[in-house]
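**Q** this is a predicted model, with the sequence first.
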Amino acid sequence: MSIELSPVGITCNLSCNYCYEHPMRDAGNYLKSYDMEKMKVSLKEEGGAFTVFGGEALLTPIDDLEKIFSWGLEWYGYNTVQTNGALISDDHIELFKKYKVHVGISVDGPGELNMSRWAGSVEKTIDMTRRSLGAIDRLISHGIIPSIIITLYRGNATEEHIPTLISWIRELDSKGINYMRIHLLEVDHEDVQNSYSLTPQQNVDALLELDKVEQTLSNIKFDIFTDMRNMLLGKDDSATCIWRACDPYTTTAVRGVDGQGVKSNCGRTNKDGVAFTKSDTSGHERQVALYNVPQEYNGCQGCRFFMMCSGNCPGTAVNGDWRNRTEHCSVWMTLLEVEEQKLVKEGQSPVSLSSDREKLENIMLDYWKKGESITISTAMNILKNPSENNISSVKARPHGDAPHGDAPHGDIQHGDHTDVSKLQKK
């Protein structure tokens, strides 16, 4: 779980056309001010370390940012900030060192590959990119190794551009970067679809190239491939949120706190431009429905990878409707099949090919119908020891293994979530 503190809300120094926060901006839902004490009260109630988020987190005045980091260090022992990096100054770096701040930087590549991170003109965008890349080098020179988030889109991941992207990744690897998260492009507007999105096959090709590259890197690991392997093996306790049956009204992987201390969900689910207050009760209606809805109606019925994917992130659902499966269904299906076959060749047994798959699915469905979360690993333990878990018997319901339908939309972009451990002040 990550707790995202957004003092400045969705205000940003850039205007990336593909940003998932644009529905909020279009609706005019900007915070006009923030209250330190209200934010602290809500953060204490959440009970864990937090990430300073945005918009652009570093638009928070530096004096107030220092107060936030000082408080975070006192209570949780460290801090985290997610930024595009263009505003990082020497003063910020001093704060990062003083208050044990881990820095995550969102950038899509060098030079023209980062034109997605639009700053209002070509010249300004080039300058902002230069600043972001320079910030990475300066952080490293000060012993602060940032993590990197890259969104794949038409400008950095086509056959023409992927060699440059890979070369840059190798360069970052040689500099000691060790964590990089790859996102697909989230499409919320038709112009984004027409100008930025990759085809499903282009996404697959790019990801397969990155999968091969990862094997040759000394430091960098992409969590996306590790997650898929672990999900297929039922080792899903630490998988990232897109694989974990997210409820769009509670988004348990993300606990948002805005500048007035109001608790909210992951911004990727705010398709109507409204940051709905977090529900007190979680539910898994989406997963139960998707399991039973035929694929031709944007459901997941019959998919052998349903436990691993669960319809994927509701923020990427077809037509922006969380009741549908992800628009990247065909991408994830292809990649899961690739990873599945790798495991088979290694002599391992993917859950997707297990004779107990439908029994495991039904254990998970039973929990979801009660509004309870459950992992594949827990379901496997229940199946092995039904009496110890108050499960007397589990019968497989008749479900075929129909081919997975091809998503009619383009591709996604993921909110910049940072996993942080729960630390309590002693």
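**A** Here it is on my side, so go on.
**Q** and for the closest residue to Gly9 other than its chain neighbours, the neighbour number?
**A** Among residues not flanking Gly9 along the chain, Leu31 sits closest, at 3.5 Å (CB to CB, 6 or more residues apart in numbering). Quick note: C-beta positions are derived from backbone N, CA and C, even for glycine. Using other CB atoms under 10 Å, Leu31 has 17 neighbouring residues.
**Q** same check on Glu160?
**A** For Glu160, the tally of surrounding residues (other CB under 10 Å) stands at 10.
**Q** backbone dihedrals for it, please?
**A** Listed backbone geometry of Glu160 is phi -70, psi -40, with angles given as degrees, to the nearest 10.
**Q** report how many residues lie close to Pro146.
**A** Neighbourhood size, Pro146 [other CB under 10 Å]: 23.
**Q** revised request: answer the last question for Tyr99.
**A** By other CB under 10 Å, the residues close to Tyr99 number 19.
**Q** surely it is in contact with Gly77?
**A** No: with contact defined as CB atoms under 8 Å, Tyr99 does not count as touching Gly77 (10.3 Å).
**Q** secondary structure class for Asn319?
**A** Counting by DSSP: H, G, I helix; E, B strand; the rest coil, the backbone at Asn319 sits in helix.
**Q** tell me the predicted confidence for it.
**A** Predicted confidence (pLDDT) for Asn319: 91.
**Q** so it versus Glu190, what's the distance?
**A** Distance from Asn319 to Glu190, counting by CB to CB, to the nearest Å: 12 Å.
**Q** higher neighbour count, those two?
**A** Asn319 (11 against 8).
**Q** from Asn270, how far off is the more buried one?
**A** Here the criterion is CB to CB. By it, Asn319 lies 15 Å from Asn270.
**Q** please apply the same query to Asp366.
**A** Asp366 sits 31 Å away from Asn270 when distances are taken as CB to CB.
**Q** neighbour-wise, which of the two wins?
**A** A direct count of neighbours by other CB under 10 Å for Asp366 and Asn270 places Asn270 higher, at 24 against 16.
**Q** worst-scoring helix or strand of this protein, pLDDT-wise?
**A** For the chain, scoring each helix and strand by mean pLDDT, DSSP states H and E identifies helix 22-26 as the least confident one, at a mean of 80.
**Q** which strands and helices lie in contact with that one?
**A** When contacts are defined as 3 or more CB pairs under 8 Å, 6 or more residues apart in numbering; DSSP states H and E, helix 22-26 sits against none of the other helices and strands.
**Q** all further residue positions should be reported with the first residue as 634.
**A** Okay, using 634 as the starting number, the last item reads as helix 655-659.
**Q** how distant is it from the center of its chain?
**A** The gap between the average C-alpha position of helix 655-659 and the chain average comes to 19 Å, counting by CA atoms, centre = their mean, to the nearest Å.
**Q** do stretch 724-738 as well
**A** Taking the mean C-alpha point of stretch 724-738 and that of its whole chain, the gap between them comes to 22 Å (CA atoms, centre = their mean).
**Q** can I get it as PDB, trimmed to CA atoms?
**A** Output for stretch 724-738, consisting of C-alpha atoms alone and laid out as PDB, is shown next (Å, rounded to 0.1, in the frame of the first residue of the first chain):
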ATOM      1  CA  ASP A 724      18.100  23.200  -2.100                       C
ATOM      2  CA  HIS A 725      15.800  20.200  -2.800                       C
ATOM      3  CA  ILE A 726      18.800  17.800  -2.900                       C
ATOM      4  CA  GLU A 727      19.900  19.100   0.500                       C
ATOM      5  CA  LEU A 728      16.400  18.400   1.800                       C
ATOM      6  CA  PHE A 729      16.500  14.900   0.300                       C
ATOM      7  CA  LYS A 730      19.700  14.100   2.000                       C
ATOM      8  CA  LYS A 731      18.800  15.600   5.400                       C
ATOM      9  CA  TYR A 732      15.400  13.900   5.600                       C
ATOM     10  CA  LYS A 733      16.100  10.600   4.000                       C
ATOM     11  CA  VAL A 734      13.900  11.200   1.000                       C
ATOM     12  CA  HIS A 735      13.700   8.500  -1.700                       C
ATOM     13  CA  VAL A 736      13.100  10.200  -5.100                       C
ATOM     14  CA  GLY A 737      11.000   8.700  -7.900                       C
ATOM     15  CA  ILE A 738      11.200  10.400 -11.200                       C
END
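**Q** who touches that stretch?
**A** With CB atoms under 8 Å, 6 or more residues apart in numbering as the contact definition, stretch 724-738 has outside contacts at 684, 691, 695, 698-699, 702-703, 705-706, 710-718, 721, 765, 768-769, 771-772, 775-777, 779-782, 1049, 1051.
**Q** the residues you listed in strands, which ones?
**A** When DSSP state E is applied, the contacts of stretch 724-738 are split such that Thr684, Asn712, Thr713, Val714, Gln715, Thr716, Ser780, Ile781, Ile782 fall in strands.
**Q** does Ala790 really touch Ala839, like I thought?
**A** Yes: Ala790 lies in contact with Ala839 (CB under 8 Å); the separation is 4.0 Å.
**Q** who touches both of the two?
**A** Counting by CB under 8 Å, 6+ apart, the shared contacts of Ala790 and Ala839 are Leu831.
**Q** and the two? Which one has more around it.
**A** Counted by other CB under 10 Å, Ala790 and Ala839 do not tie: Ala790 has more neighbours, with 29 against 24.
**Q** measure that one to Gly705 for me?
**A** Look at Ala790 and Gly705: by CB to CB, they are 35 Å apart.
**Q** count residues in the vicinity of the residue lying closest to Arg764 once chain neighbours are set aside, would you?
**A** For Arg764, ignoring the flanking residues on the chain, the nearest one in space by CB to CB, 6+ apart is Ala719 at 4.3 Å. Neighbourhood size, Ala719 [other CB under 10 Å]: 24.
**Q** do I have it right that Ala719 meets Met761?
**A** Yes: with contact defined as CB under 8 Å, Ala719 and Met761 form a contacting pair (4.4 Å).
**Q** joint contacts of those two?
**A** Overlap of the contact sets of Ala719 and Met761 (by CB under 8 Å, 6+ apart) consists of Asn646, Leu647, Ala752.
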